[in-house]
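> A predicted structure for the sequence below; I have some questions about it.
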Amino acid sequence: MFIKDLKNCKEFIAGDNAILRELLHPDKEEINLRYSLAHAVVKQGETSSRHKLKYSEVYYILEGKGIMYIDHESVEVHSGQAIYIPPNAIQCIKNIGHSDLKFLCIVEPAWRPEDEEVL
């Protein structure tokens, strides 16, 4: 059995300027996964940097609301929604709420620095 507590995950600033904590990554734990799972936070009034990944990504909004930008589209998002981001799509998310915007990031295959380009 493998259990990892969010409060025990080291917090760092990701390339897109979101506050990130990696929960599951097959390169960092002895787990048999093809994807990575991270917890992200964008502070009130802030926007993550525009970036794109070589592979698809899913955001699952836990708390707050924002505007999700994918290529030339934008839509308001809120807790309880899952957002599919296609491979190579230019993306960012803006927090438009009155508190932190918190969401999970799922990347398959697992996220690697060489697969991301910050614009």
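Cool, got the structure.
> Who are the packing partners of the helix or strand of the chain with the lowest mean pLDDT?
Here the helix or strand of the chain ranked lowest by mean pLDDT, DSSP states H and E is strand 116-118, holding a mean of 89. Counting contacts by 3 or more C-beta pairs under 8 Å, 6 or more residues apart in numbering; DSSP states H and E, strand 116-118 packs against strand 51-53. Where C-beta positions appear, they are placed from N, C-alpha and C, glycine not excepted.
> how far is the least confident helix or strand of the chain from where the chain is centred?
13 Å (C-alpha atoms, centre = their mean, to the nearest Å).
> So for it, what gets flagged as buried?
Using 16 or more other C-beta atoms under 10 Å as the test for burial, strand 116-118 gives E116.
> Nearest residue to the middle of this protein?
C105 (3.5 Å; C-alpha atoms, centre = their mean).
> dump the residue contacts of that residue.
The contact partners of C105, taken as C-beta atoms under 8 Å, 6 or more residues apart in numbering, are 20, 36-40, 57-59, 111.
> Count the neighbours of the closest residue in space to N17 that isn't next to it in sequence for me.
Spatially, and ignoring its direct neighbours in sequence, N17 is nearest to S49 (4.9 Å; C-beta to C-beta, 6 or more residues apart in numbering). Other residues lying near S49 total 13 when counted by other C-beta atoms under 10 Å.
> how near is the residue nearest to the centre of the chain to L24?
To L24, C105 is 11 Å away according to C-beta to C-beta, to the nearest Å.
> same deal with V118?
Applying C-beta to C-beta to V118 and L24 gives a distance of 23 Å.
> now swap in L104 and tell me
10 Å.
> what's the overlap in contacts for the two?
Here L104 and L24 have L37 as joint contacts, going by C-beta under 8 Å, 6+ apart.
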